[in-house]
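Q: Provided below for reference: sequence and predicted model.
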Amino acid sequence: HDGVELAGAAGLRRYLAARQDEFFRHFTRKLLGYALGRAVLPGDQALLDEMRASLATSSATFATLAEAIVASPQFTHRRASPAQSVTAFP
């Protein structure tokens, strides 16, 4: 999108490494949105910050991010949509 030409996988790797913070910000946001099945909301910012902080460590893995998501209140306490809610019997 910025006009930089990449030379294969090595060029892509260098490009992403030079923009690591931006990549982590977008990657965590997209991953969280996908996992929750909804748009990322302002209330999700603390979780996103936690995920990015975990990526900054040298031992960060994809599993670290997945674990942070599935342990989060956003994931474990999803709101039921009207079509999924249970109605009481008369």
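A: Great, that's in hand. Residues are numbered from 1 along each chain as shown.

Q: Show me the shaky parts of the protein.
A: For the chain, the stretches with pLDDT under 70 are 58, 79-90.

Q: Please repeat the previous calculation with a cut-off of 50.
A: 85, 90 (pLDDT under 50).

Q: Longest helix in it, by number of residues?
A: Assignment by DSSP state H gives helix 20-36 as the longest helix of the chain.

Q: helices or strands next to it in the packing?
A: If you count contacts as 3 or more CB pairs under 8 Å, 6 or more residues apart in numbering; DSSP states H and E, helix 20-36 packs onto helix 45-56, helix 62-70, helix 73-76. Using the backbone N, CA and C atoms, a C-beta is placed for each residue, glycine as well.

Q: same thing but at 10 Å, please
A: In terms of contacts (3 or more CB pairs under 10 Å, 6 or more residues apart in numbering; DSSP states H and E), helix 20-36 is packed against helix 8-18, helix 45-56, helix 62-70, helix 73-76.

Q: and those helices as a markdown table, adding mean neighbour count?
A: Shown next, in a markdown table, are the helices and strands packed on helix 20-36 (neighbours: other CB atoms under 10 Å):
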| stretch | mean neighbour count |
| --- | --- |
| helix 8-18 | 11 |
| helix 45-56 | 15 |
| helix 62-70 | 14 |
| helix 73-76 | 13 |
